[in-house]
Structure formats: C-alpha cells, structure tokens
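S.K.: quick one, what's the 3D model for this:
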Amino acid sequence: MDEENELIALRRKKLDALRAKGIEPFGSGFEVTGSITQVREKFKEGETLRAAGRITAHRDMGKSHFLDLRDATGRIQIYIHAKEVGPELVDLFRLLDLGDFIGVEGTCFVTKSGEPTLKVRTFQLLAKALRPLPEKWHGLQDIEARYRQRYLDIITNERSRAVFEKRVAIMRETRRFLEERGFVEVETPILQTIPGGAAAEPFITHHKALGLDLYLRIALELYLKRLLVGGFTKVFEINRNFRNEGISRKHNPEFTMLEAYCAFGDYESMMELVEAVITTVAEKVLGTVVIEHRHQSKPVKEPQKITQTSPDTFVIENSETFEEVIKTIDLTRPWKRARYKDLVKEKAGADWFDISPAERRQRAHDLGAEIGKEYEDFEVTGAVFEKLIEPTLIQPTFVTHLPKELVPLAKLSPDDPTTVEVFECCINGQEIAPGYTEQNDPIAQRSTLEHQAGGEQQKLDEDFLVALEHGMPPAGGIGIGIDRLCMMLLGQESIRDVILFPQLKPK
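M.R.: Here you go, the predicted structure:
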C-alpha cells in the first residue's frame with residue numbers, strides 16, 4: 001500500500017471512530033459571525049464569536065491544541081484546552097485532520113506572541129476530508145494536476161486563488177464600466193441553426209424534438225446586431241463562444257468574449273472605448289496601468305563541472321539554470337496606432353504589395369512565415385503579420401485598416417477599398433480586441449457573405465440579412481477576449497492559468 005492509500009485508510013478509521021462516538025462527520029449548516037476576515041475585524045478580547053473553515057494547521061500539545069482555520073477570505077487561530085472543555089472534547093480533536101471543515105464558538109483572546117485567537121467553547125465537525133491535501137499544504141507541483149484538480153490548486157496556492165479572484169473583479173469592473181456609459185447587458189442564443197460572425201469550425205449537436213442539427217455559437221455578433229435593428233443603441237454581452245479548433249497557450253475551445261455595439265459609432269470611437277475600458281479596469285483592479293510579467297526562460301545547460309573527490313573518484317555534475325524574464329507593459333494612454341500595410345512593409349519590404357503573389361509567397365517563406373499550399377494571397381500576407389509582426393507588439397497597439405477579405409462584416413475604407421475600417425488591438429504579442437465600423441448596407445453585406453460562403457446558400461444567415469434590410473443604424477462594434485485580457489493584466493503566460501477548468505486530454 002502506498003503512502004497516500006495508507007493516509008486514506010487512516011482517515012477512514014478516524015471517520016469510523018467519530019461515528020462510534022455518536023458524532024456525524026458530515027454536518028449541516030453552522031451559523032457564523034461572518035467570514036474569517038469579518039471575525040478578525042470584529043475581534044475584541046472577551047467577545048464571543050463563531051467561525052467556520054478548513055483546518056490548515058494543527059499543533060497537538062497534549063492537553064491543548066492550536067489549529068488554524070481558513071476560508072476564502074483569510075485565517076484565524078483557534079485554541080482548545082482540557083481545562084476549558086474537558087478531556088473528552090480534547091480527545092476528539094485528535095480525530096481531526098488537515099483539510100477537515102469545522103465550526104467553532106469561542107472567546108477572543110490574544111496569545112503571548114500577539115496572535116488573535118479564539119478559545120473554543122464548542123465545536124462542530126462539518127466535513128471530514130477523506131483524502132489528504134497535497135504536499136502537506138505546500139501546493140501542487142505537477143502543472144497538469146493543477147489544471148485537472150483546480151480545487152486543490154486553489155486550496156493550496158494563494159497566488160492561483162488571487163488570479164481567479166482578480167478575474168472575477170475584472171469582469172465585474174468591465175460590466176460596471178459599460179453600464180455606467182449606458183450599455184445594456186443582454187443574452188443571445190448559444191445554440192444556433194447557422195453559426196456566424198466569424199470564420200471558425202463549430203461544434204455540432206442535435207435537437208431530437210425538432211430533428212435538427214444545431215451549432216454552438218462561434219461569435220456573439222449577428223444576434224447583437226439584430227438588437228440594433230430592433231432599436232437598442234448600446235448593447236453588450238459577456239458569454240461563452242465555442243470553436244472546434246486547436247488547443248494552445250493562447251487558445252481553449254471554450255472561451256469567454258465580450259462584444260459591445262454602439263449605434264452611430266465607428267471604428268475610431270470603438271478604439272477610444274477599448275482604451276478606456278482596459279485602462280479603467282486595470283486601475284480599479286490592480287491600482288496601476290503598468291503591468292509586469294515575470295516568467296522563466298527555457299533552461300540553459302551549464303558546462304559540466306568535474307570534481308575529484310578521491311584519487312580514483314571523479315564526480316561529474318550537469319546542471320541547468322533558468323533566467324527570469326521580466327516584461328513590462330505600459331497601458332498609459334494614448335495607445336499607438338499603425339496601419340496593417342505599413343507594419344507589413346516594415347517587416348517584409350517596402351515593395352511587398354507591388355511584387356507578384358508568387359514573389360510574396362517566396363519572400364514570406366524566406367522570412368520564416370509558415371505558408372500553407374492552399375493559402376490565398378491575402379492569407380500569405382496574414383501569415384507574415386501573425387507569425388512575424390504580432391508577437392513583437394508588446395505595448396498596446398491598434399493595427400488598423402486590415403484587408404477586406406479578413407473581415408466581411410465591416411465597412412470598406414473610403415481611402416483604400418482593398419481594406420476595411422477595422423482595428424486589432426494587440427498587447428503582449430497577441431490580439432486582445434478586434435473592432436470595426438459595422439457594415440449596415442444589406443446589399444453589400446449579402447455580397448461579401450455569399451463570397452465567404454463560396455456559393456453554399458445554406459451557410460448564409462438569411463434571417464440576419466432580412467433584419468439588415470429593415471434598416472440598421474451605422475454602428476461601431478468591439479470584441480474583447482476576456483481570457484486573453486486576464487492573461488495580460490494578471491501576468492499569466494498561458495490561457496490555462498486564467499480559466500478555472502481548461503480543456504485537457506483525458507488521462
């Protein structure tokens with residue numbers, strides 16, 4: 001029997017012993033004075049308070065015990081002594097383990113070392129933990145285990161808990177910002193008959209009663225625009241999108257998006273909105289607009305060190321060192337703006353858009369961009385941008401006027417009809433937020449969507465096009481990837497570190 005199984009067996013014996021004494025190891029409700037932080041705030045010597053939480057430390061001193069109780073808000077020490085409660089109750093504490101939940105009522109006092117403590121009068125076992133916490137409360141060392149058993153990660157890793165608490169605060173402040181500016185939060189369908197608003201592979205399901213295939217949405221856009229037609233002037237939704245595509249450091253098949261639409265706006269006004277919402281949220285949640293990212297570089301092998309320990313013995317030491325990489329992102333406004341074509345020419349040559357498609361393909365390959373055989377010419381340029389330019393945009397940058405083929409739902413740029421009035425807000429080397437002037441011409445919109453569908457009429461969202469024919473006001477729209485926003489603001493290098501339960505391969 002391995003060590004963990006031995007510990008589980010021991011805890012089950014304690015469970016049986018508790019029941020033999022007439023104590024139910026899995027209790028019901030327990031009335032508390034408040035959270036542990038609130039108990040500490042109300043702490044006054046001689047006062048009687050009630051607290052509940054998980055045991056995270058236990059010091060058995062014979063006739064007395066000191067324990068730490070912890071909840072999501074903090075920690076408090078409790079003390080029990082045989083003189084106060086009798087030896088039988090003290091003996092019960094020997095049947096408790098780290099990880100158990102208990103509720104206590106006690107009198108406030110301060111120890112000689114100055115620690116606020118509750119002297120226990122009564123206690124109730126609320127839940128017996130049948131498995132030990134990992135690493136004796138020092139946290140999960142296995143990264144994959146942190147993702148698969150996030151509950152243990154949160155219990156044992158204060159930094160991880162803080163990330164998710166701040167994620168909640170980021171979403172709360174984002175909602176508050178938009179609501180204070182007159183935006184109304186709405187909900188639109190997740191199950192759709194035609195997935196639209198983006199070019200992505202959807203997940204497919206089936207509705208038995210209707211005998212109909214349905215798709216998990218890939219974007220929020222088309223239903224929110226229907227609401228602009230219906231008379232809403234400022235709407236937003238924060239909700240899940242689903243894309244049946246790859247998993248990477250930046251991608252999870254289920255992710256959270258904010259989309260917001262403002263009647264009578266355009267891509268310029270939406271850039272202002274993105275700047276304002278992100279900087280305001282940073283100030284509210286973090287207290288700063290200067291974000292520091294710290295991570296370790298790949299290991300660097302040190303030269304072999306050979307030490308002679310005796311006339312016949314030599315010890316060869318191989319070691320690896322890790323260099324800490326510190327990256328600072330400054331969100332101070334205003335943010336840089338640069339045209340897509342200008343950035344491409346800086347990287348790929350001033351003549352990039354003057355040479356032939358075949359020459360562009362060869363030059364892209366020479367520069368190190370991965371080019372698929374089936375790529376169209378605009379996709380070759382897109383690969384140069386995505387692989388060679390976007391990763392270098394660490395400081396906030398609005399990349400504007402993208403090729404029209406990339407965004408069929410946007411208006412053409414009046415000064416360059418090969419591009420659209422679109423921006424991609426790039427921070428920390430990845431796209432955080434796209435936005436654009438929305439196409440509200442139903443005839444032009446039908447034409448671009450038909451081209452995108454490649455002549456397959458069943459891929460056209462006719463209901464959306466009919467809605468546009470009833471008249472949609474000129475508008476600007478944005479999408480902000482909440483997961484990527486959290487990565488950037490909270491200094492995390494992987495999307496898995498800001499999603500509570502990321503998608504993983506089965507064991």
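
S.K.: only C-alpha atoms for contact and neighbour calcs from this point on.
M.R.: Will do.

S.K.: okay, now the domains of this protein?
M.R.: Here the domain assignment for the chain is 3-132, 166-187+218-293+329-497, 294-328, based on automatic domain parsing.

S.K.: now do the contacts for residue 100.
M.R.: Counting by CA atoms under 8 Å, 6 or more residues apart in numbering, residue 100 touches 54-55, 125-129.

S.K.: which ones among these map onto helices?
M.R.: Taking DSSP state H, every one of the contacts of residue 100 sits outside helices.

S.K.: and the helices in the stretch 251-400 of the chain?
M.R.: 267-286, 340-348, 357-367, 377-384 (DSSP state H, counting those that start in this stretch).

S.K.: what of the stretch 51-200 of the chain?
M.R.: Using DSSP H, counting those that start in this stretch, helices in the stretch 51-200 of the chain cover 82-85, 87-93, 143-148, 150-156, 158-180.

S.K.: mean pLDDT, distance to residue 249 and mean neighbour count for the ones you listed - can I get that in a markdown table?
M.R.: Below are the helices of the stretch 51-200 of the chain laid out as a markdown table (pLDDT from 0 to 100; distance: least, CA to CA, whole Å; neighbours: other CA atoms under 10 Å):
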| stretch | mean pLDDT | distance to residue 249 | mean neighbour count |
| --- | --- | --- | --- |
| helix 82-85 | 84 | 54 | 13 |
| helix 87-93 | 85 | 45 | 15 |
| helix 143-148 | 87 | 13 | 16 |
| helix 150-156 | 91 | 18 | 20 |
| helix 158-180 | 97 | 17 | 16 |
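
S.K.: looking at these, which is closest to residue 364?
M.R.: Taking CA to CA, helix 143-148 is the member of those nearest to residue 364, at 36.3 Å.

S.K.: contacting residues for the nearest residue to residue 491 once chain neighbours are set aside?
M.R.: Spatial nearest neighbour of residue 491, chain neighbours left out: residue 293 (4.5 Å); criterion: CA to CA, 6 or more residues apart in numbering. Contact analysis of residue 293 by CA under 8 Å, 6+ apart lists 325-329, 490-492.

S.K.: how about a cut-off of 10 Å?
M.R.: Residue 293 makes contacts with 325-329, 428, 487-493, as judged by CA atoms under 10 Å, 6 or more residues apart in numbering.

S.K.: what's the closest of those to residue 188?
M.R.: residue 487 (26.0 Å).

S.K.: what about the closest one, how many residues nearby?
M.R.: A count of neighbours around residue 487, defined by other CA atoms under 10 Å, yields 24.

S.K.: over to residue 276?
M.R.: That count, for residue 276 with other CA under 10 Å as the rule, works out to 15.

S.K.: the residue most central in space within the chain and residue 95: what is the separation?
M.R.: For the chain, the residue nearest the mean C-alpha position is residue 498 (2.9 Å; CA atoms, centre = their mean). Distance of residue 498 to residue 95, given as CA to CA, to the nearest Å: 37 Å.

S.K.: now residue 108
M.R.: From residue 108 to residue 95 the distance is 25 Å (CA to CA).

S.K.: one step back: quick check: the residue nearest to residue 491 vs residue 505, distance?
M.R.: 28 Å.

S.K.: so where's this structure shaky on pLDDT?
M.R.: 1, 135-141, 297-322, 455, 458 (pLDDT under 70).

S.K.: swap in 90 and give it another go.
M.R.: Applying pLDDT under 90 to the chain flags residues 1-5, 27-28, 60-64, 81-94, 133-146, 155-158, 199, 294-326, 451-459, 505-507.

S.K.: the stretch 401-507 of the chain: strands as residue ranges?
M.R.: Taking DSSP state E, counting those that start in this stretch as the test, the strands found in the stretch 401-507 of the chain are 412-413, 416-420, 422-427, 430-437, 475-481.

S.K.: of all the ones you listed, which lies closest to residue 388?
M.R.: Nearest of the strands of the stretch 401-507 of the chain (CA to CA): strand 430-437, 11.5 Å.

S.K.: how many other residues sit next to the residue lying closest to residue 242 once chain neighbours are set aside?
M.R.: Counting by CA to CA, 6+ apart, the nearest residue to residue 242 once its immediate chain neighbours are dropped is residue 254, at 4.7 Å. Other residues lying near residue 254 total 18 when counted by other CA under 10 Å.

S.K.: list the contacts of residue 254.
M.R.: 216, 218, 240-245, 247, 499, 502-503.

S.K.: ok, so of those, who is nearest residue 118?
M.R.: residue 499 (36.6 Å).

S.K.: which ones are touching residue 228?
M.R.: By CA under 10 Å, 6+ apart, the neighbours of residue 228 are 234-235, 261-263, 467-468, 471-475.

S.K.: what residues are up against residue 266?
M.R.: 411, 421-422, 435-438, 474-478.

S.K.: nearest to residue 377 among those?
M.R.: residue 422 (19.4 Å).

S.K.: can I assume that closest one is in contact with residue 434?
M.R.: Yes. Using CA atoms under 10 Å, residue 422 is in contact with residue 434, at 7.4 Å.

S.K.: when those two are compared, which one has more neighbours?
M.R.: A side-by-side neighbour count of residue 422 and residue 434, using other CA under 10 Å, places residue 422 first with 35 against 23.

S.K.: give the contact list for the more buried one.
M.R.: 266-268, 270-271, 339-340, 398-404, 406-407, 409-413, 434-438, 476-478.

S.K.: are any of those residues buried, and which?
M.R.: With burial judged by 16 or more other CA atoms under 10 Å, the buried subset of these is 266-268, 270-271, 340, 398-404, 406-407, 409-413, 434-438, 476-478.

S.K.: burial count for residue 292?
M.R.: Neighbour count for residue 292, taken as other CA under 10 Å: 15.

S.K.: kindly state the beta-bridge partners for it.
M.R.: residue 328 (DSSP bridges).

S.K.: make TSV out of the domains of the chain and add distance to residue 147.
M.R.: Shown next, in TSV, are the domains of the chain (distance: least, CA to CA, whole Å):
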stretch	distance to residue 147
domain 3-132	18
domain 166-187+218-293+329-497	7
domain 294-328	18
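
S.K.: quick one: which of those is nearest residue 194?
M.R.: domain 166-187+218-293+329-497 (6.2 Å).

S.K.: what residues are up against residue 186?
M.R.: Applying CA under 10 Å, 6+ apart, one finds that residue 186 lies in contact with 224, 227, 235-239.

S.K.: looking at these, which are in strands?
M.R.: Using DSSP state E, the subset of the contacts of residue 186 located in strands is 235-239.

S.K.: now render those as JSON lines, adding distance to residue 462 and neighbour count.
M.R.: Shown next, in JSON lines, are those (distance: CA to CA, whole Å; neighbours: other CA atoms under 10 Å):
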{"residue": "235", "distance to residue 462": "22", "neighbour count": "23"}
{"residue": "236", "distance to residue 462": "23", "neighbour count": "24"}
{"residue": "237", "distance to residue 462": "23", "neighbour count": "21"}
{"residue": "238", "distance to residue 462": "25", "neighbour count": "21"}
{"residue": "239", "distance to residue 462": "24", "neighbour count": "17"}
